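Participant: Following is a predicted model, sequence given first.
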Amino acid sequence: MKHANTTEDESRGALSILGMAARSDVKIVKSNIDVLVSVGLGERAHKDFLLAQDTCAALLKLAGEGKPKILGGVEPFRLPANHDMFVRIADVLVKGVEDLSSNHWVPFSVQAVTAIYRLAEHPDQVCGDIIKQIAGVIMKGSQVSEADNEKEKEDDGEPENTFSCSSGILSRFLALSGQVAFQQLVHLDVMVLGELKRRRNIQEAKKEKNKDKKKNKDADKTQDGDGTTMEDEMGLTGASAEDSEAEYIRKICELDIVTGENLLAFLGPLVVMVCSNPGKFSDPDLRSNAALALAQFMLVSSKFCEAHLQLLFTILEKAPEPTIRANTIIAVGDLTFHFPNLIEPWTPNLYARLRDESAQVRKNTLMALTHLILNDMVKVKGQISEMATCIVDADERIAALSKLFFFELSKKGNAIYNIMPDMISRLSDPETGLPQDQFKTVMRYLFAFIHKDRQADALVEKLCHRFRTTRTERQPQDLAFCLALLNYSEKGMRKLQENFACYADKVSDPDVFASFTSILGKAKKFTKPEVKVFIDEFEKNLTEVHTKGMEDDAVAEKAGKASAAAGKFKKPTAPGEKSAVKKQPAKGRTPARRGRRKQTMDSSDEEEEDTTVNTPTTRRTPAHPASRSGAKKRGRGKKMVVLDSSDEDSDDELFDVKDSRENSDDDQENDQENQDPAVSTPSSGSPKKGARSSGRKKLLNTGGTRTSSRRRPIIT
């Protein structure tokens, strides 16, 4: 790195090697701090932000990796706030913020702020000074828009100062502010709290040594004489102190970082304004850094988080750039760890990103939900079916991650069994579910985790009851397919037979019947001989219901085709010409019933006179005058007699009669009337004009009315 002819790539390579070597021996970096600071953060760093970034990464090895070791008792490595390292980092950040030609300033700022908070004695002061200096650069470079001031002065009479700055500089400033807020949270929650625990452990260790010495001097001393309390004996002193320290740190984060009267609290409204006005701030980098800064501010305080949750989820759903949505979904996952109760109502919005058009967004969402569910931060509900859809995702990485998630979930007791019924219903829903071929692929994978007979038997009963709630033709097919995937015991087969009424009306479907047939085929292979009799009987009943259902469907289909054909070949009538087909009677009413009602009105007076007849004796009905005149002209007609019976309101059934039978029937009826004129059957037609013995005129099955002008007698 010191050599003058060293290229930038060679210098960065040397820093990477030093960082890897420092993992095994920190002294390699500790003995070369001055070289790293003078070269890696010197003049070359102002032009090469990647070199400065790698230098900060190498210096971070001084703090060690991971959380500080509390029980080890080793004091963490810290440097004074005015060390040359932090001075040079601040100088590179402030002077380089205006250099928009390089895209590596933001990654360097993230590494620099992390190094400051891990290595400086008072990192909040160092980072606060850096934010103030960059804010001064922005204010210094901003210009007052005089034209806007004059226009506002003309409109409102009071000028307002409006400042303009580069969107690139503002984007970098917001990214730095968000990173400082996040590192301040980590510093307090991990480093400061860990240091307090370390110091308390040291004090407790000293007390234990003193206590042991006193016990050796005087073993007969009581607890009061020993100077110990009940809390010390029960070990409650350390626990209460730890709780009070954690509560104190939480209170600081809640009220004194991004809320209240402090530097970051003044920057919060600026971040919110940029996120709330995507039309005004159209630069994608600016909106991306502002959204990330908003999420980092929300991580610090639950009060700030609750106030801006809706804005964050709006960005998650409506941001046009996939990068913004992918970053935001990771931030939402972190928020769920910190404030699970606040994020719980928004869980459906989180699952909805699994159907995002961007593969990167779907992948980040799947990874975030995997960590949350497996760590019991999010309850497993029916919405987990959205994760099952990823099993058939076009991206192979997403499909593999989804399968891995369900494999791990299957190890958590009955988790898969509990969600299976709701998952089947959601995935088979034609509006929000999967295509049928993909549905079958998902179910084959998930049902492989149902191993216990008890779970399989319970699922049989639950899925059978779901047949009653199906709304489409496909849903019974999917349920039957899922039943066929289970392994059946004798108890399971009996449950399937007991719930036969739930799915009996669905067996006519060929796919449903095929699934049940496969179930019976598998059951015959392993069942006992006495159980096979029961299975054979069940199969017989199933086949009978299926055959009957198929016949009913065929009849219904044939009737539908016949009605459609009748409507298709109906002869249209010319304008002004009477239709040859008479008006059809209403459904459920025969022509005789309609004629009967009409004549009832004509002869109402006669019915009122004879209201005391209650016996089934017959009486002659007076014929209408028009009927008498018509009968005289045509010759002697039939005498009509009405029976007073309980079926007087039932409809007359009309049938087509062959011409050969009509003549013989008329002759038999005429003979019967001559022998016993008091009793006769109701006539179903009128004789043709000029032909007394030609038989009744045929009536159509479609309910055509009679062509005779003679009115039909009343049937009482």
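Facilitator: Structure's in. What do you need? Residues are numbered from 1 along each chain as shown.
Participant: Correct me if wrong: Q475 contacts S428.
Facilitator: Yes - using C-beta atoms under 8 Å, Q475 is in contact with S428, at 5.2 Å. (C-beta placed from N, C-alpha, C; glycine too.)
Participant: buried residues in the helix or strand hosting S244?
Facilitator: Taking DSSP states H and E as the criterion, S244 maps to helix 236-255. Buried residues in helix 236-255, counted by 16 or more other C-beta atoms under 10 Å: 237, 249, 252-254.
Participant: Okay, angle between the helix or strand following it and helix 236-255 too, please.
Facilitator: Helices and strands here follow DSSP H and E; after helix 236-255, the next one along the chain is helix 263-276. With axes from the mean of the first three to the mean of the last three C-alpha atoms, to 10 degrees applied, the angle from helix 263-276 to helix 236-255 works out at 50 degrees.
Participant: Could you name the helices and strands sitting against the helix or strand just after helix 263-276?
Facilitator: Next along the chain after helix 263-276, taking DSSP H and E as the criterion, comes helix 284-300. Contacts defined by 3 or more C-beta pairs under 8 Å, 6 or more residues apart in numbering; DSSP states H and E place helix 284-300 against helix 167-186, helix 263-276, helix 302-307, helix 309-318, helix 322-338.
Participant: picking that back up, more neighbours, Q475 and S428?
Facilitator: Taking other C-beta atoms under 10 Å, Q475 and S428 do not tie; S428 has more neighbours (25 against 20).
Participant: Please name the nearest non-neighbouring residue to the more buried one.
Facilitator: Nearest non-adjacent residue to S428, counting by C-beta to C-beta, 6 or more residues apart in numbering: D478, 4.0 Å away.
Participant: The host helix or strand of that neighbour packs against which elements?
Facilitator: Assessed by DSSP H and E, D478 sits inside helix 474-485. Packing partners of helix 474-485 (3+ C-beta pairs under 8 Å, 6+ apart): helix 415-427, helix 436-446, helix 453-466, helix 500-503, helix 510-526.
Participant: let's go with 6 Å and repeat that
Facilitator: Judged by 3 or more C-beta pairs under 6 Å, 6 or more residues apart in numbering; DSSP states H and E, helix 474-485 is in contact with helix 453-466, helix 510-526.
Participant: which of the residues in the longest one are buried?
Facilitator: Of the residues in helix 510-526, those scored as buried under the neighbour-count criterion (16+ other C-beta under 10 Å) are 512-513, 515-516, 519-520, 523.
Participant: Let me have the helices and strands packed on helix 474-485 in TSV, adding mean pLDDT as columns.
Facilitator: Below are the helices and strands packed on helix 474-485 laid out as TSV (pLDDT from 0 to 100):
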stretch	mean pLDDT
helix 453-466	91
helix 510-526	86
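Participant: do you know which of the ones you listed lies nearest Q111?
Facilitator: Of all the helices and strands packed on helix 474-485, it is helix 453-466 that lies closest to Q111, at 50.8 Å by C-beta to C-beta.
Participant: If I take the closest one and helix 474-485, what angle do their directions form?
Facilitator: Counting by the same axes, to 10 degrees, helix 453-466 points 160 degrees away from the direction of helix 474-485.
Participant: And the contacts of helix 453-466?
Facilitator: The list of residues contacting helix 453-466 from outside it, by C-beta atoms under 6 Å, 6 or more residues apart in numbering, reads 417, 421, 450, 479, 483, 486-487, 489, 491-492, 495-496, 499, 502.
Participant: follow-up on the earlier one: D99 is nearest to which of the helices and strands packed on helix 474-485?
Facilitator: Per C-beta to C-beta, nearest to D99 of those: helix 453-466, 63.4 Å.
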